[in-house]
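*Asks:* Predicted model, plus sequence, below.
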Amino acid sequence: MEIQLRRYPSSVRLLSYSHRTLAALAAGCLFVIAAAAHGQEAVAMVAPPQPAPMPPPTPQPRDVPFPGVITLRVDATDLDRRIFRINETIPVTGGQPLTLLFPQWLPGDHEPSGTLTTLAGLIVTADGQRVEWTRDLVNVWAFHLTPPPGAKTIELSFQDVTPVKDDEGRVVVTPEMLNVEWNQVVLYPAGYFVRDIPVQASMTLPDDWRFGSALEVAAQDGATTRFKPAPLDVLIDSPVLAGAHFKQIDLDPGGPAPVRLDMVADSPDLLEIKPDQLAAHKALVQQAYRLFGSHHYNHYDFLLSVTDQLGGVGLEHHRSSEDGVDPGYFTEWDKYAGDRDLLPHEFTHSWNGKFRRPYDLWTADDNTPMRDDLLWVYEGQTEYWGYVLAARSGLLTQDLTLGALAETAARFDHVPGQSWKALQDTTNDPIVAQRAPQAWPSWQRSEDYYQDGQLIWLDVDTLIRQRSGGKRSLDDFARAFFGVDDGSFTEVTYTFDDVVAALNKVEPYDWAAFLRTRLDSHAAGAPLDGLARGGYRLVYTDTPTDYEKQLDEQEKRDDFRYSLGFLIKTDGKLSGVLWDSPAFKAGLTVGGEVIAVNGVAYDPDRLKAVITDAKTSKQPIALLIHTGDHYRTVSIDYHDGLRYPHLEKIGAGPALLDAILAAKP
C-alpha cells in the first residue's frame with residue numbers, strides 16, 4: 001500500500017475506520033493521508049469549531065456613592081440640520097478601566113428602545129489628549145476605555161443626529177419646536193445605580209424660545225439654562241419640550257403642588273384654549289386627587305405638543321408627561337375625541353407605574369433588562385382610569401366614553417389570536433415586537449394588555465360594587481394601593497400577590513383565580529362581564545357612534561371591520577384586515593387598494609350603500625383590488641349589512657357604569 005503525506009496548516013483528529021478512512025493530527029498541522037486500501041482513499045476529518053469566548057460582562061450596578069458630578073451640556077440650536085451637540089465631563093480615576101453605557105432600557109417604554117443609531121461623532125479626551133474607546137462586541141451599548149494615569153476627568157463630545165424624516169424614526173426637531181429626551185444625549189459609567197449618579201445639566205435653545213420640564217432651573221444665561229443637579233434617573237425621567245410658540249397654564253392654583261400645562265404648537269393660534277376646555281383640564285387634576293387621595297410629585301408638567309410635524313408621543317414620567325395631540329385639539333375640539341384620554345392616562349401613570357411600579361420592571365440602571373409581566377396592571381388599569389377620569393372631568397362626555405368602550409369591546413371580541421396567545425403573553429410584546437407594523441394584529445396580538453386589560457379592570461370594579469352592595473369599588477383600591485405616602489416620589493414596587501392582597505382588603509374574594517383565569521384564558525371573545533354587570537351590552541347597528549365618527553375622521557379611514565372585515569383609508573388602501581373575516585377569506589391583505597365596487601369606482605359611501613343593498617340580495621359584493629402590479633376581482637358573499645358597535649342599556653333605571661363615569665363630588 002502506498003501512502004502520501006501532505007502538510008497543511010490546521011488540525012484533525014487521528015481516526016481509524018478499518019480500511020476506509022485515515023486522518024492524522026500533529027501540532028497544528030493537517031496531514032491529509034491518501035491511501036490506497038482495498039481501492040478506497042483515506043479522508044481527513046477536520047475538528048469541528050468551538051465557540052469563541054465571551055467578553056467580560058459589563059460591570060453590574062451597585063448602590064454606592066458616585067465619586068463626583070457629571071456635567072452635561074446640550075446645544076439644541078441647530079434646527080436646520082436637527083442635530084443636538086453634546087459635551088459631557090465625567091469624573092474618573094486615571095489608569096482604571098471604565099465602561100460607559102448608552103441608555104438602552106427606558107422606563108415607560110418597557111423595551112430596549114434607546115436609539116443608539118443616532119449617536120455619532122463620539123470623541124473622548126483627557127487633559128487634552130485623545131482616549132480611544134472600544135465598543136463591546138456583545139453589549140453594543142457599552143463603550144470601553146482606560147483614562148491615562150493621573151486623569152481626574154474625561155471629556156466627551158458627540159452628537160445626537162435626530163431623524164429628519166418619519167421613516168428614520170420619531171422626528172423630535174422642527175423649525176417651531178423640539179423635544180429633548182435626556183437618555184438620547186448622555187453616556188454614563190457602568191457599575192452604579194443611576195439614582196446615585198448626580199448630573200449638572202444645561203441646555204442652549206434658539207433665541208426667544210421657551211420650554212417646559214419637570215427639572216428645576218438653577219440659572220439662566222441668555223439662551224442657556226442651567227438646571228439644578230439631579231440624579232441621573234430623575235434627569236432621564238424629566239424631558240424638555242421647547243418651542244417658538246409656547247404657553248404655560250397653571251391647572252391648580254393654590255393646590256398642594258403646582259400642576260402646569262406646558263404647550264407648544266406649529267402656530268400660536270393652535271394654543272387658544274376656550275374656557276370650557278380649560279375647565280375640563282383643571283377638573284382632571286381635581287378628579288385625580290379625589291380618586292387617589294394623594295400626589296407623588298413636588299410639581300407636575302404636562303408637556304403638550306399640538307402639532308402634526310413633531311413625532312407623536314404619549315410617554316409617562318413621574319413629574320411630567322410627553323403628550324402629542326393633533327393640531328385641532330383645541331381649535332376643532334369636536335373632531336378629536338380620540339386624543340382626549342391621553343392626558344388622563346399619562347397623569348394616572350404618576351401614581352400607577354411611576355410611584356407604584358412592578359417589582360421586576362424597576363431596574364437599578366437603564367441597561368438592565370426589564371420584565372413586563374405586570375403590564376396588565378401598569379398599563380391595563382391606567383387605561384381604565386384614563387377613560388374614567390376623562391369622563392369624570394368632562395374631557396369626554398359620557399356618550400363619547402360609552403362609544404370608546406363599545407369600540408374597545410368590539411375589537412377584543414374579534415381577536416381570534418387569543419386561541420393561541422393568552423393576554424398574559426402580550427405583556428412580552430414591547431420586547432418582542434417593539435411596535436413594529438403587523439399584517440395580522442387580530443391574530444398575532446400586540447400589547448393587548450392595554451385595552452383588554454381595561455375591560456378586565458371594569459370587570460373587577462363592577463364585581464366589587466355588586467358584591468359590596470355599592471359600598472366599595474375599585475376607587476377604594478386605587479386610594480389604598482396608589483395613594484399611600486402622600487407627597488413622596490420614592491418608588492414603591494409591587495408583585496402579583498400584592499395586587500391580590502390589596503383587592504382582598506377592599507372586597508374578600510378569590511381574586512388570584514379571577515385574574516389568572518382572564519390572563520391565561522384561550523376562550524373566545526372579550527371579557528364583557530363588566531359591561532353586563534355595569535348595565536350595558538354590546539350590540540351592532542348600521543350607524544357608527546359619534547366617537548367612531550370622530551375617530552374615523554381623525555384617522556382618515558372608514559371602518560368596515562365588523563361587516564366585510566377591514567379598515568380602509570380615504571385613499572382606498574386597506575390598513576387592517578381581520579383574521580378569518582369575509583375579507584380575509586377572500587384573500588384581502590393590508591396594503592391592497594380597493595379600486596372599484598361592483599364595477600364602479602370606489603367611494604366609501606358607495607361601498608356602504610352596496611353593503612346595505614346586499615342585505616336583500618343574493619349576489620356577492622365584487623371588489624376590484626390593486627396590489628403591486630396586479631389587479632384582481634374578488635367576490636365577498638356577505639349579506640348582514642353595516643355593523644358598528646354600540647353599548648345598549650339593559651333594562652330601566654340607573655346603570656352601574658353610569659355611576660362609575662360620573663364626576664366625584
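*Replies:* Noted; the coordinates are in hand.
*Asks:* Spatially, what comes nearest to the residue nearest the centre of the chain if we skip its sequence neighbours?
*Replies:* Closest residue to the average C-alpha location of the chain: Asp109 at 4.6 Å, with C-alpha atoms, centre = their mean. Computed as C-beta to C-beta, 6 or more residues apart in numbering, the closest residue to Asp109 that is not its neighbour in sequence is Pro430, at 6.9 Å. In this view, the C-beta of every residue, glycine as well, is placed from N, C-alpha and C.
*Asks:* ditto for Leu463
*Replies:* Nearest non-adjacent residue to Leu463, counting by C-beta to C-beta, 6+ apart: Arg533, 6.6 Å away.
*Asks:* I figured the one you found hits Val460, correct?
*Replies:* No: applying C-beta atoms under 8 Å, one finds Arg533 not in contact with Val460, separated by 10.3 Å.
*Asks:* Between the two, which is the more surrounded one?
*Replies:* Val460 (24 against 19; other C-beta atoms under 10 Å).
*Asks:* isn't there a helix covering that one?
*Replies:* Yes: with DSSP: H, G, I helix; E, B strand; the rest coil as the criterion, Val460 is assigned to a helix.
*Asks:* Look up how far Val415 lies from it.
*Replies:* For Val460, the distance to Val415 equals 20 Å [C-beta to C-beta, to the nearest Å].
*Asks:* OK, contacts around Tyr297?
*Replies:* The contact partners of Tyr297, taken as C-beta atoms under 8 Å, 6 or more residues apart in numbering, are Ala214, Ala257, His318, Arg319, Ser350, Phe489.
*Asks:* Mind pulling up the pLDDT for it?
*Replies:* pLDDT recorded at Tyr297 is 97.
*Asks:* And for the one 3 residues further on?
*Replies:* As predicted, Tyr300 sits at a pLDDT of 98.
*Asks:* contacting residues for it?
*Replies:* Ala214, Ala257, Pro258, Val259, Arg260, Arg319, Ser320, Phe347, Ser350.
*Asks:* wouldn't the first one be in contact with Glu322 here?
*Replies:* No: under the contact definition of C-beta under 8 Å, Ala214 does not touch Glu322, with a separation of 10.8 Å.
*Asks:* sorry, back to before: would you confirm that the residue nearest to the centre of the chain belongs to a helix?
*Replies:* No: according to three-state DSSP, Asp109 belongs to no helix; its state is coil.
*Asks:* Got phi/psi on it?
*Replies:* phi -90, psi -30 (degrees, to the nearest 10).
*Asks:* List the residue ranges of the stretch 551-665 of the chain that fall below the pLDDT cut-off.
*Replies:* Of all residues in the stretch 551-665 of the chain, none has pLDDT under 70.
*Asks:* mind running it again at 90?
*Replies:* Low-confidence segments of the stretch 551-665 of the chain (pLDDT under 90): 618, 651-654.
*Asks:* got it, and the stretch 51-200 of the chain?
*Replies:* For the stretch 51-200 of the chain (pLDDT under 90), the answer is 107, 167.
*Asks:* contacting residues for the closest residue to Leu284 other than its chain neighbours?
*Replies:* Distances taken as C-beta to C-beta, 6+ apart put Ser393 closest to Leu284, at 4.1 Å, once the chain neighbours are dropped. With contact taken as C-beta under 8 Å, 6+ apart, Ser393 is in contact with Ala280, His281, Ala283, Leu284, Gln286, Gln287, Pro344, Ala663.
*Asks:* From those, keep the buried residues only.
*Replies:* Ala280, His281, Ala283, Leu284, Gln286, Gln287, Pro344 (16 or more other C-beta atoms under 10 Å).
*Asks:* per-residue pLDDT, the residue lying closest to the first one once chain neighbours are set aside?
*Replies:* This points to Ala280. Spatial nearest neighbour of Ala280, chain neighbours left out: Gly394 (4.2 Å); criterion: C-beta to C-beta, 6+ apart. According to the prediction, Gly394 has pLDDT 98.
*Asks:* quick one: contacts for Gly394?
*Replies:* Asp276, Ala279, Ala280, Ala283, Ala663.
*Asks:* then the strand or helix carrying the first one to PDB, C-alphas only?
*Replies:* Translated: Asp276. For Asp276, the element it lies in under DSSP states H and E is helix 275-292. The C-alpha coordinates for helix 275-292 follow below in PDB (Å, rounded to 0.1, in the frame of the first residue of the first chain):
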ATOM      1  CA  PRO A 275     -62.900  78.400  29.000                       C
ATOM      2  CA  ASP A 276     -64.800  75.100  28.900                       C
ATOM      3  CA  GLN A 277     -61.800  73.300  27.600                       C
ATOM      4  CA  LEU A 278     -59.600  74.800  30.300                       C
ATOM      5  CA  ALA A 279     -62.200  73.900  33.000                       C
ATOM      6  CA  ALA A 280     -62.100  70.300  31.900                       C
ATOM      7  CA  HIS A 281     -58.300  70.100  32.100                       C
ATOM      8  CA  LYS A 282     -58.400  71.700  35.600                       C
ATOM      9  CA  ALA A 283     -61.100  69.300  36.600                       C
ATOM     10  CA  LEU A 284     -58.800  66.400  35.600                       C
ATOM     11  CA  VAL A 285     -56.400  67.400  38.400                       C
ATOM     12  CA  GLN A 286     -59.200  67.600  40.900                       C
ATOM     13  CA  GLN A 287     -60.800  64.300  39.900                       C
ATOM     14  CA  ALA A 288     -57.400  62.500  40.100                       C
ATOM     15  CA  TYR A 289     -56.900  63.800  43.600                       C
ATOM     16  CA  ARG A 290     -60.400  62.700  44.600                       C
ATOM     17  CA  LEU A 291     -59.600  59.200  43.200                       C
ATOM     18  CA  PHE A 292     -56.200  58.700  44.600                       C
END
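*Asks:* Closest to Gly312 out of the buried ones among the contacts of Ser393?
*Replies:* Pro344 (17.3 Å; C-beta to C-beta).
*Asks:* can you list contacts of the helix or strand harbouring the closest one?
*Replies:* Under the criterion of DSSP H and E, Pro344 resides in helix 342-348. The contact list for helix 342-348, computed with C-beta under 8 Å, 6+ apart, reads 281, 284-285, 288, 300, 302, 304, 314-316, 321-323, 325, 382-383, 385-390, 393, 395.
*Asks:* Which members of the residues you listed are positioned in helices?
*Replies:* 281, 284-285, 288, 382-383, 385-390, 393 (DSSP state H).
*Asks:* got the residues you listed as a markdown table, with distance to Leu624 columns?
*Replies:* Conversion of those to a markdown table gives the following (distance: C-beta to C-beta, whole Å):
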| residue | distance to Leu624 |
| --- | --- |
| His281 | 48 |
| Leu284 | 48 |
| Val285 | 53 |
| Ala288 | 52 |
| Thr382 | 44 |
| Glu383 | 39 |
| Trp385 | 46 |
| Gly386 | 41 |
| Tyr387 | 40 |
| Val388 | 45 |
| Leu389 | 46 |
| Ala390 | 42 |
| Ser393 | 47 |
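*Asks:* list the helices and strands the helix or strand hosting Ala622 packs on?
*Replies:* Per DSSP H and E: Ala622 is located in strand 621-627. Strand 621-627 is packed against strand 593-597, strand 630-636, with contacts defined by 3 or more C-beta pairs under 8 Å, 6 or more residues apart in numbering; DSSP states H and E.
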